[in-house]
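Trainee: Fold the following and give me the result.
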Amino acid sequence: MSGAPSVSWSVLGTLDVVPAAERPDLLAAPTAVALAALGAERAARVGVAEIDPDLADTAEFCEAYGSPPEFSANCVVVSGKRAGEARYAAGVVLATTRADVNGVVRRRLDVRKASFAPMDTAVVLTGMAYGGITPLGLPEGWPLWIAPEVAAAEAVVVGSGIRGSKLAVPGDILTALPHAETVENLARPVA
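Mentor: Alright, predicted model coming up:
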C-alpha cells in the first residue's frame, strides 16, 4: 500500500485494501470521476478492495470477509412524482437500519408517495451496478441525504459502483460530496 492512510480501513475486514485511486479498474466510471474530483488528499483516504461479485450483498459480504455489519452502509435510490415530474435522491444509511422512505424521504422529496426506485431505473440513471450503487458519482443535482451515524463514522463500507469491489469511505468525505446533507431521522432501526 502506498502512503499511509489517515483513516482505518479495517471496516473491510480481512480484505486487502489499497487507495481507491490506485485501482480505477475496481470502480464504476462515475465513481472514478467523483473520486478524482475529491482531490488527491481526500481521495487517498478512500480505500478499495476486490471481492467476489456473488458476495456483494451486505449480509453475505460481512460474513465472508469479517466486515462488521454496523460499519456497512447502503446507498439507496429513492423516487417520487410531483405534478407528473419524477424526482430522485439518494440516501446513505447503515445496513443495520432502514431508510424512512414513507416519512422523512417523502417529505424531503416533496411528493405524495416515495419509494425505492426500480432496479432497472436506478442502474440506468446512476451508471452503476445494482448492489454496488455508491454515493460517489451520483447523477448531477441529485440530493444526497446521509444518516448522522454514517456522517460521524470514521469509515463505512459502501459500494464502488460495481459488484466486484467495496469502498471504505470516511463519513466526513461523504458529507463533503456535492449536494450532500446530513439528515436527522433518515434511518430507523431494523425491528
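Trainee: for residue 138, phi and psi?
Mentor: Comment: the main-chain dihedrals of residue 138 come out as phi -70, psi 160, following degrees, to the nearest 10.
Trainee: I misspoke; the intended subject was residue 123.
Mentor: The main-chain torsion angles of residue 123 are listed as degrees, to the nearest 10 and equal phi -60, psi -50.
Trainee: quick one: residue 99 from residue 46, how far?
Mentor: The spacing between residue 99 and residue 46, counted by Cβ to Cβ, to the nearest Å, is 23 Å. For every residue, glycine as well, the C-beta is placed using N, CA and C.
Trainee: what do you get for residue 13?
Mentor: The span separating residue 13 from residue 46 equals 17 Å under the rule Cβ to Cβ.
Trainee: Which one's more surrounded, those two?
Mentor: Taking neighbours as other Cβ atoms under 10 Å, residue 13 and residue 46 compare with residue 46 leading, 28 against 19.
Trainee: Identify the residue spatially nearest to that one, adjacent ones excluded.
Mentor: Across the structure, with Cβ to Cβ, 6 or more residues apart in numbering as the measure, the residue nearest residue 46 apart from its sequence neighbours is residue 20 (4.5 Å).
Trainee: quick one: low-confidence parts of the protein?
Mentor: 1-7, 191 (pLDDT under 70).
Trainee: wait, doesn't residue 153 sit right on residue 171?
Mentor: Yes: using Cβ atoms under 8 Å, residue 153 makes contact with residue 171 at a distance of 4.2 Å.
Trainee: what ranges do the helices span in the chain?
Mentor: With helices called from DSSP state H, the chain shows them at 29-37, 40-43, 58-65, 106-109, 119-126, 148-151, 171-175.
Trainee: With distance to residue 142 as added columns, please give those helices in JSON lines.
Mentor: Listed next are the helices of the chain as JSON lines, based on distance: least, Cβ to Cβ, whole Å:
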{"stretch": "helix 29-37", "distance to residue 142": "11"}
{"stretch": "helix 40-43", "distance to residue 142": "20"}
{"stretch": "helix 58-65", "distance to residue 142": "22"}
{"stretch": "helix 106-109", "distance to residue 142": "11"}
{"stretch": "helix 119-126", "distance to residue 142": "9"}
{"stretch": "helix 148-151", "distance to residue 142": "17"}
{"stretch": "helix 171-175", "distance to residue 142": "14"}
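Trainee: re the thing from before, in contact with the residue nearest to residue 46: list those residues for me.
Mentor: The contact partners of residue 20, taken as Cβ atoms under 8 Å, 6 or more residues apart in numbering, are 26-27, 35, 43, 46-48, 160, 167.
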